[in-house]
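*Asks:* coordinates only, sequence not included:
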């Protein structure tokens, strides 16, 4: 079970309690958290997170770099791998393959 966080904000259910995700959705949430969190920003685990925040979206190889940053961030997450990326406006859509199936997560690009 994973608490649902979107754009840095914990999502709440109608009861006011945090929303939770299970199964494939929980794996997608963990992957989203790892990609969005700045690597080194969490004092208890300095390798948690990614370098995605350093991405220059105007770079002609931005998609390739985004995929590499995501793959590196997901290495410690057993059974989850970033296999593709595409741009939609200022968002990067990562295709993920997991032991529970496949899915996509959208992450807002860093510098434009």
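*Replies:* Looks like it came in fine. Everything quoted here is computed from the prediction, not taken from an experiment.
*Asks:* make it CA atoms for all contacts and neighbour counts henceforth
*Replies:* Fine.
*Asks:* can you tell me, leaving aside adjacent residues, what's nearest to residue 102?
*Replies:* Once flanking residues are discounted, residue 102 sits nearest to residue 96: 5.6 Å by CA to CA, 6 or more residues apart in numbering.
*Asks:* my read: residue 97 touches residue 103, true?
*Replies:* Yes: Residue 97 lies in contact with residue 103 (CA atoms under 8 Å); the separation is 6.7 Å.
*Asks:* quick one: which of the two has more around it?
*Replies:* Neighbour count, other CA atoms under 10 Å: between residue 97 and residue 103, residue 97 has more, with 19 against 15.
*Asks:* mind checking which helix or strand that one is in?
*Replies:* Following DSSP states H and E, one finds residue 97 within strand 91-98.
*Asks:* pLDDT averaged over that strand, what's the number?
*Replies:* The average pLDDT for strand 91-98 rounds to 96.
*Asks:* can you tell me the SS state at the residue nearest the centre of the chain?
*Replies:* Nearest to the mean C-alpha position of the chain, by CA atoms, centre = their mean, lies residue 32 at 2.3 Å. Classification of residue 32 by DSSP: H, G, I helix; E, B strand; the rest coil places it in helix.
*Asks:* wait, what's in contact with it?
*Replies:* Neighbouring residues of residue 32 by CA atoms under 8 Å, 6 or more residues apart in numbering: 105, 107.
*Asks:* just residue 33 next, same as before
*Replies:* Contacts of residue 33 by CA under 8 Å, 6+ apart are 5, 49.
*Asks:* for the residue of the chain positioned farthest from its centre, report the pLDDT, please.
*Replies:* Within the chain, residue 15 marks the point farthest from the mean C-alpha position, 26.6 Å out by CA atoms, centre = their mean. Per-residue confidence (pLDDT) for residue 15: 94.
*Asks:* quick check: which element contains it?
*Replies:* When elements are defined using DSSP H and E, residue 15 is found to belong to no helix and no strand.
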